[in-house]
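Undergrad: need a 3D model of the sequence below.
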Amino acid sequence: MKKTIIALVCALATTSAFAQTSTTTTEQTTTTAQPATTTETSTTYTAGTVTTYEAGKTIVVRGDQGPVSFALGTAARIVDTAGRVVTAPLRTGQKVRVYYAGPTDSRTVERVIVEE
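TA: You can find the predicted model right below:
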């Protein structure tokens, strides 16, 4: 009888020891999408004659609206009307078209086409 009681007590103790309870927590987060930003860039040009030129630095072109100064970056290309790279420095009086992008205060020269 003692053996039976001990066996029952052991059986009850082991079943309660292996019985596990679990708690599940669910967290829900909500994110809102930011509106997409678009940037529009247009390329324009100024045509005229060269009044001042410093290779790799600046070019000043006198056009219909007076002289306009441009900063030349490393990406600016100077080409002829056929698209060939011009290696000779620009001269005062040469006819050119300066293609640039951006607003007046931060124009970025893309290319200069020598028309003569």
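
Undergrad: drop to CA atoms for contacts and neighbour counts, all remaining ones
TA: OK.

Undergrad: packing partners for the strand ranked longest in the chain?
TA: Counting by DSSP state E, the longest strand found in the chain is strand 43-54. Secondary-structure packing of strand 43-54 (3 or more Cα pairs under 8 Å, 6 or more residues apart in numbering; DSSP states H and E): strand 58-63, strand 95-101.

Undergrad: how about 10 Å then?
TA: In terms of contacts (3 or more Cα pairs under 10 Å, 6 or more residues apart in numbering; DSSP states H and E), strand 43-54 is packed against strand 58-63, strand 66-71, strand 95-101, strand 108-114.

Undergrad: so which of those strands is nearest V85?
TA: strand 108-114 (9.3 Å; Cα to Cα).

Undergrad: parallel or antiparallel, which strands does that closest one pair with?
TA: Sheet partners assigned to strand 108-114 using DSSP bridges are listed as strand 77-80 (parallel), strand 95-101 (antiparallel).

Undergrad: ok, the residue nearest to T49 when sequence neighbours are not counted - how many residues close by?
TA: Leaving aside its chain neighbours, T49 sits nearest to K95 (4.4 Å; criterion: Cα to Cα, 6 or more residues apart in numbering). Residue neighbour count, defined by other Cα atoms under 10 Å, stands at 19 for K95.

Undergrad: same question, R62
TA: R62 - counted by other Cα under 10 Å - has 19 other residues nearby.

Undergrad: does it touch G93 like I think?
TA: Yes. Judged on Cα atoms under 10 Å, R62 makes contact with G93 at a distance of 9.2 Å.

Undergrad: correct me, but V96 touches Y53?
TA: No. If you go by Cα under 10 Å, V96 and Y53 don't touch, sitting 11.7 Å apart.

Undergrad: please say which of those two ends up with more neighbours.
TA: V96 (25 against 18).

Undergrad: kindly state the beta-bridge partners for that one.
TA: For V96, the beta-bridge partners are G48, V114 (DSSP bridges).

Undergrad: could I get the contacting residues of it?
TA: Contacts for V96 (Cα atoms under 10 Å, 6 or more residues apart in numbering) come out as 45-50, 61-63, 78-81, 90, 112-116.
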